[in-house]
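# Sharing a model that was predicted from the sequence below.
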Amino acid sequence: MRRVLFTVLSLWLAFGSARAQSATQLRFCLRSEPKTFNPLLVEEDSSDTVRYLTGGVLVRLNRKTQKLEPGLATDWKVSRDGRTIAFTLRPGLKFSDGTSFSAADVAYTVQQMMEPSLHSPIGDTFRSGEGATESKILAADKVAISFPAPVAGLDRLFDQVAIMSASSAKKEMAVLGPYYVSENHAGSYLMLERNPNYWRQDAAGRPLPYIDSIRLDIQQNRDLELLRLERGEIDLVNSIDPEYYEKLVKEKPALAHDAGPSLDSEHMWFNQVPTAAISDYKKAWFQSANFRRAVSEAINRQDLARIAFRGHARPAVGIVSPANQFWFNDKLRPHPFDQKSALQRLQKDGFRLHDGVLRDVNGHVVEFSIITNAGNRYRERMATMIQQDLAGVGMKVNVVTLDFPSLIERITRTFTYEACLLGLVNTDLDPASVMNVWLSSAENHQWSPGEKKPATAWEAEIDRLMRAQASTLDDHRRKQYFDRVQEIAWEQEPFIYLVTKNALSAISTSLSNAQPVVLRPQVFWNVDELKLAPEVAATR
Amino acid sequence: MADRLLEIRISADYPNKPAVLDDCSLEIGRGEIVGLVGKSGCGKSTLSLALLGLLAWRGGQVRGSIRLNGRDLVGLSEGEMRKLRGREIALVLQSPMSALNPALKLGTQLHEAWKAHSSGSSEACNRAVGEALENVSLPQEPAFLQRYPSQISVGQAQRVLIAMAILHRPPLLIADEPTSALDIITQSEILELFSKVSRKLAMSILYISHDLLSLASISQRVAVMENGAIVECSPTMKIFRDPSHPYTRQLIRALPVIPQVFAAPAR
Amino acid sequence: MRRARQLATVFLLLVALASAAAGFLAPSGYAHQFRDTPDASPSRQHWLGTDDLGRDRFARLLYGTRVSLCLAPAAALLSSLLAALIGGVAGFCGGRLEQLVLAGTDLFLSLPWLFLLITIRALLPLNLPPVTSVVITFMLLGCLGWAVAARVICSDAHLLRNCDFILLARASGLGGWRLLVRHLLPNLMPIVYAQFWLSIPIFILTEANLGILGLGVSEPLPSWGTLLRDLESCSSMSHLWQFAPLLLLIAAVSCFHLLVVDREFPA
């Protein structure tokens, strides 16, 4: 009797684990419901995640090496004039629903993308001039796409273009990526199944991806998401904050991952809008590079990183994070903490420090306020630390935290502020993505938005260099221009860059092959190579 | 009766209850104690409120005339009426415990009542209060005045109320069922007090009660009220010996008969 | 009870003295950041350890006590007085006025105050000294916090208005303000006190939450509110000393309560 029971038990166990192995499931959370499954209309994070997991792209930017790799295209070539790109496609591929893939699908996708009535945000990144975009099908596996004007970084942009089927009845739900959307329970969760027709194989010839399905739970509450991670209900959290990271290190160190400096930085700037309602003598301070450099040198960035971010940040250098391997100007270093040098710079402008109070050349006491958004503990900490640092050179700083809408109102419309502390989230490596900040006419040119003409010589020079890099096709020449932009920004400091935050993530120990990186999606960028340990799979 | 203090001839209504007083007429002489008897809800308390000009405050309306010392009170302004209350007409209520402000010390309440009409020095005030207390046989020491209403007996409380009422020596005192909440011994003491005070201060009293016996022991005349009107008003002896109105007869018949065993020796 | 009251008095005096003498007692200023020892445990140098920026928790607690212990009761007093005045008058006068005031209170409660506060922040200059900012905030809280209390007080005053002792006070010739202040208000005091004590901790916490609008105490000045807000980030129970501000708040409010309950007249 006992033997029979044992046999049954072991059979059941064997069956159980066998079944589990044949149905591994990766789980993680989306912050909100995806607004669209049409890859061309993606705007927000959740849709972007679904596009990354399901979409097949012609070329893929390797998130780790930051280099382009073949995707659906085995080979591609940008013409000398920068207007045309020709792709050679992988033969014999099929969409998830079995429809076969050919150059016609690429042409169809590009035509849809550039269709003005669709208002595709990705399409906008390709729009460089007036005129029509043409796709020429040269053969079943060859296609050439011509744009009306040269597009900088043309090949890279195709990393965002998921190819849609021209003929499938399932329309955008027929995909070429590692997974396809199988169930959508609105407001609750999404199920993604392994795409049996996905083109990639591992070195041993096994078809990828390894994991059979992905369950994406819609979870707005950050704390609940972290709780579910600790309970083992989900396998990864793409990005966590330093405080939670520290907690994880204490309690479950195996889960915590620090991928080093990310692309995101924190910075502050002074209001230089000529029409702003602040007194003229203050405007004069803010418009002086000596003043800005002095403030910058009086701030102890090491301390900001060490205390405000618990060590999970680094003193920032400038516009580009060192994490951006190709575009970062490696001749630049973070501004040193040197209050003596700061005072010397201030003296050049006639400022005098007396009894711990700094006065300008006309005797005005140097006092200004820094606004930042309320509820962000890290920024509040930084602001308070900056307050103490600047007291060291006799500046009196008032920290004001505001709710986000009021803050935005102040920095974009009324310009009723003196200094602001905020962060920038970068998702793109290419300098083209910061044109909307660094051109003096740009709306995001935060210290003085939408200038009719450049207010200063150095802004004019940045305008010239930014335009030059945008109309140049050779990446090395573009980098020369952009390096110079970084240098000017470093010298003038319209933005005082403070720290570059580290990319922190949490990954379940049962997930193997995970190599978290700084580029989005940090943890599952190589989703087709991820593996789940069998014992975890068995419990599901 | 020649020296009339008060002549009333009024009707009164509440918004949802018309003719609470229906052409009710009554006269009170100087120094006279008049009893007003009637069952609950017949309009006795309405009459007392009407005399004080406080009916409007409860939402009621008065028509007719109330002549006090020849002056018509109906139609006087609230300010003029306020000057009369407490000085010309005073009130003693049924339940002494709820009529005293629980949050105030006895002394404070007496002082407040005094200050309502006199702006003299605090000595004058103390003297008046002391006199009033003496008249009602209450201790005059400061410790007593420091007490709160919850710290004294019901009988003492009623005396405090009477003291408060006679503070300004008003010619007319309205006693609205002043003894119905008291035990029988205290009741007789308080009745005694009323007649004493009336004699001493030459004060008229309108003594309202549903208890014909207690009323008979102090009143010179008794008025009988039914459905908002005075149906009979005669000297006390006449009411008992020769009641003219059927309702009065009914009241007399309803009086408890003193058992023979007690009554016999009295003969 | 008496023993408890003595202890409460001593405790409050000690707290008040300690916060007044913060300059001598605290090992350092409330703003000084000991950057080498952030988040330190209690030690001889830092009795309650340091916060996330390395500031001495004990010093911040003392200075925060000074701010909150002065301003929160002041704001609570302001709002309770407003509530007593508005609710008391409305309930006492009754009728149209009461309906009007109640409707006004409902309207006041339903207004989107967040927008008003945002507007006020927009009107204030950004370069406000922290002390001015916190004083303005508490005064705002005082001016805005009366509505709920006023409703409660109004309904109480309405009940009192029909009490015998108010009738008697009127019959004694009292009226208007004197009646309201001397007779009604003392009876409303228990409920006003209750509202007062309820609003102190509420104001302390609201002040902390107003920080997100740029109102309230601004860095680096501490208040109980900001100190309590720090607890939000406290994820483990292992650092018990971090809960000192919470304990102090509870202790102080309970002590105040002990002292005040006794001051009420014996019920």
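Perfect, I can see it now. Numbering: from 1, shown residues only, chains lettered A, B, ... in the order given.
# Where does the prediction get shaky in chain A?
For chain A, the stretches flagged by pLDDT under 70 are A:1-22, A:534-540.
# Secondary structure element holding residue A:487?
helix A:475-492 (DSSP states H and E).
# Need the contact partners of that helix.
The contact list for helix A:475-492, computed with Cβ atoms under 8 Å, 6 or more residues apart in numbering or on different chains, reads A:152-153, A:289, A:292-293, A:317-320, A:326-327, A:329, A:331-332, A:335, A:431, A:438, A:456, A:458, A:461-462, A:465-466, A:468-469, A:472, A:495. In this view, the C-beta of every residue, glycine as well, is placed from N, C-alpha and C.
# Name the SS class of residue A:384, please.
helix (DSSP: H, G, I helix; E, B strand; the rest coil).
# if I pick it, what's in contact with it?
With Cβ under 8 Å, 6+ apart, residue A:384 has these contacts: A:399, C:33, C:53, C:219, C:220.
# Let's have these in JSON lines, adding secondary structure and distance to residue A:237.
Converted to JSON lines, the contacts of residue A:384 look like this (DSSP: H, G, I helix; E, B strand; the rest coil; distance: Cβ to Cβ, whole Å):
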{"residue": "A:399", "secondary structure": "strand", "distance to residue A:237": "30"}
{"residue": "C:33", "secondary structure": "coil", "distance to residue A:237": "31"}
{"residue": "C:53", "secondary structure": "coil", "distance to residue A:237": "27"}
{"residue": "C:219", "secondary structure": "coil", "distance to residue A:237": "30"}
{"residue": "C:220", "secondary structure": "coil", "distance to residue A:237": "33"}
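# Which entry within those residues corresponds to the minimum pLDDT?
Lowest pLDDT among those: residue C:219, with 79.
# returning to that earlier point: with just CA atoms, put the helix holding residue A:487 into PDB.
The C-alpha atoms that make up helix A:475-492 are tabulated as PDB, following Å, rounded to 0.1, in the frame of the first residue of the first chain:
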ATOM      1  CA  ASP A 475      28.600  59.800 -36.300                       C
ATOM      2  CA  HIS A 476      32.200  60.800 -35.600                       C
ATOM      3  CA  ARG A 477      31.800  64.300 -36.900                       C
ATOM      4  CA  ARG A 478      28.500  64.500 -35.100                       C
ATOM      5  CA  LYS A 479      30.200  63.600 -31.900                       C
ATOM      6  CA  GLN A 480      32.800  66.300 -32.400                       C
ATOM      7  CA  TYR A 481      30.000  68.900 -32.600                       C
ATOM      8  CA  PHE A 482      28.200  67.400 -29.700                       C
ATOM      9  CA  ASP A 483      31.400  67.200 -27.600                       C
ATOM     10  CA  ARG A 484      31.800  70.900 -28.100                       C
ATOM     11  CA  VAL A 485      28.200  71.500 -26.900                       C
ATOM     12  CA  GLN A 486      28.900  69.500 -23.800                       C
ATOM     13  CA  GLU A 487      32.000  71.600 -23.100                       C
ATOM     14  CA  ILE A 488      30.100  74.900 -23.500                       C
ATOM     15  CA  ALA A 489      27.300  73.700 -21.300                       C
ATOM     16  CA  TRP A 490      30.000  72.600 -18.700                       C
ATOM     17  CA  GLU A 491      31.600  76.000 -18.800                       C
ATOM     18  CA  GLN A 492      28.400  78.100 -18.800                       C
END
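# How many neighbouring residues does residue A:368 have?
When neighbours are defined as other Cβ atoms under 10 Å in any protein chain shown, residue A:368 has 21 of them.
# Quick one: residues contacting the residue lying closest to it once chain neighbours are set aside.
Using Cβ to Cβ, 6 or more residues apart in numbering or on different chains and skipping the chain neighbours, the partner closest in space to residue A:368 is residue A:418 (4.2 Å). Going by Cβ under 8 Å, 6+ apart, residue A:418 touches A:270, A:271, A:278, A:282, A:286, A:368, A:369, A:370, C:126, C:127.
# nearest to residue A:413, of the residues you listed?
Nearest to residue A:413, judged by Cβ to Cβ, of the contacts of residue A:418 is residue A:271 at 12.6 Å.
# and the closest one, what does it touch?
By Cβ under 8 Å, 6+ apart, residue A:271 lies in contact with A:278, A:286, A:411, A:415, A:417, A:418, A:419, A:420, A:447.
# Quick one: buried ones out of the residues you listed?
A:278, A:286, A:411, A:415, A:417, A:418, A:419, A:420, A:447 (16 or more other Cβ atoms under 10 Å in any protein chain shown).
# mind giving me CSV with these and columns for secondary structure?
Formatted as CSV, these follow (three-state DSSP):
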residue, secondary structure
A:278, coil
A:286, helix
A:411, helix
A:415, coil
A:417, coil
A:418, coil
A:419, strand
A:420, strand
A:447, coil
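# And those, which is closest to chain B?
For the buried ones among the contacts of residue A:271, the closest approach to chain B (Cβ to the nearest Cβ) belongs to residue A:417, at 54.1 Å.
# Quick check, the closest one in contact with residue A:411.
Yes: if you go by Cβ atoms under 8 Å, residue A:417 and residue A:411 touch, sitting 6.2 Å apart.
# hey, what's in contact with both of these two?
Joint contacts of residue A:417 and residue A:411 (Cβ under 8 Å, 6+ apart) are A:271, A:371.
# For the spatially most central residue of chain C, identify the helix or strand it belongs to.
Central residue of chain C (Cα atoms, centre = their mean): residue C:200, 2.4 Å from the mean position. Counting by DSSP H and E, the element that carries residue C:200 is helix C:185-210.
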